[in-house]
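Undergrad: structure, please.
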Amino acid sequence: MSVIDIKDLSFAYDTQMILEDINLNVEEKDFLAIIGPNGGGKSTLLKLILGINRLKKGSISVLGKKPSQRLTKMGYVPQNTNVNTDFPIKVIEVVMMGHVGGKRPLFGYGKDEILCAMGALEQVNMQAYAETKIGSLSGGQRQRVMIARALCAHPQILILDEPTSSIDITGQRSIYELLKVLNEHITVIVVSHDISVILEYANKAAHVNKTLSYHDISDKKQTFHTHGNNEHFCEIELLQMLGADNCDACEPEDVPTWRKSK
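TA: Presented below is the predicted three-dimensional model:
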């Protein structure tokens, strides 16, 4: 079953073309890794899928409807989840903000909403920190809380923008293992510079640099030439050929930090 279908999409800020002729189909329970250079259009693509940016050319269908009609079916974890460490808000309160259509905080949350938030925290193994101030947590713990907040709406699609960009070595691996478990039930889309996502977790990969090159990498032993641009230097296929145990051959900034430590 297709959960996201993008056809002939192009997008520009004023006269600067950011995305051009994008076509992408995401299936139910896919783990899609989106990679590419900074400024290549990865985050812009996510914003279009989420309906944050207004579509100008082409079409996007999320679960058969326009993105604006499927907001409750998508959970989003933005790149910058840093919080004011001095702000006295508890973990459970942050997670309950993920409720769509819930009561205003002024009037408090209902029992069902609190139970739902606790269930989301349990999914990310953070239930013991429910009453802890969010600012006292580590970066990896805060990221888990933000994922729990996204899960509070019971999404069918979880979208994350650079989820491990400011997390320590242990936290990075932990987040991806968590996403792998969640992927058993929902579709996961991750924008990342971490090649471990492709080599160990994703079953589909898309390289975005104005245009999009798509790869089915569900069989880690094979490469799939599904992109139509013959001039595209295929980093994804190169990574597959190198394999997870040969990361020393990659560019230093692309090597997962938890592998560097070995």
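
Undergrad: which element is residue 190 on?
TA: strand 187-191 (DSSP states H and E).

Undergrad: now do that strand: which elements does it pack against?
TA: When contacts are defined as 3 or more Cβ pairs under 8 Å, 6 or more residues apart in numbering; DSSP states H and E, strand 187-191 sits against strand 2-13, strand 16-27, strand 31-35, helix 42-49, strand 157-161, helix 169-182. To be clear about C-beta, it is placed using only N, CA and C from the backbone, and glycine gets the same treatment.

Undergrad: residues touching the second one, excluding its own?
TA: Counting by Cβ atoms under 8 Å, 6 or more residues apart in numbering, strand 16-27 makes contact with 1-12, 32, 41, 44-45, 48, 58, 157, 187, 189, 204, 206, 208, 210-212, 214, all of which sit outside it.

Undergrad: is the most centrally placed residue in the chain in a bridge, and if so with what?
TA: The centroid of the chain falls nearest to residue 160 when counting by Cα atoms, centre = their mean (2.1 Å). Residue 160 has the following beta-bridge partners by DSSP bridges: residue 77, residue 190.

Undergrad: surely it meets residue 187?
TA: No - here residue 160 lies out of contact with residue 187, judged by Cβ atoms under 8 Å, at a distance of 11.7 Å.

Undergrad: quick check: the gap between residue 145 and residue 161.
TA: Residue 145 sits 16 Å away from residue 161, going by Cβ to Cβ, to the nearest Å.

Undergrad: neighbour-wise, which of these two wins?
TA: For residue 145 versus residue 161, the count of surrounding residues by other Cβ atoms under 10 Å is larger for residue 145: 24 against 21.

Undergrad: what helix or strand does that one sit in?
TA: Per DSSP H and E: helix 139-151 holds residue 145.

Undergrad: show me what that helix is packed against.
TA: Contacts defined by 3+ Cβ pairs under 8 Å, 6+ apart place helix 139-151 against strand 74-77, helix 91-96, helix 111-123, strand 157-161, helix 169-182.

Undergrad: show me the contacts for residue 14.
TA: For residue 14, the contact set (Cβ under 8 Å, 6+ apart) is empty.

Undergrad: would you mind measuring from it to residue 211?
TA: Distance, residue 14 to residue 211, by Cβ to Cβ: 20 Å.

Undergrad: if we can go back for a sec, distance of the residue nearest to the centre of the chain from residue 62?
TA: The gap separating residue 160 from residue 62 is 16 Å, by Cβ to Cβ.

Undergrad: with that, I have no additional questions.
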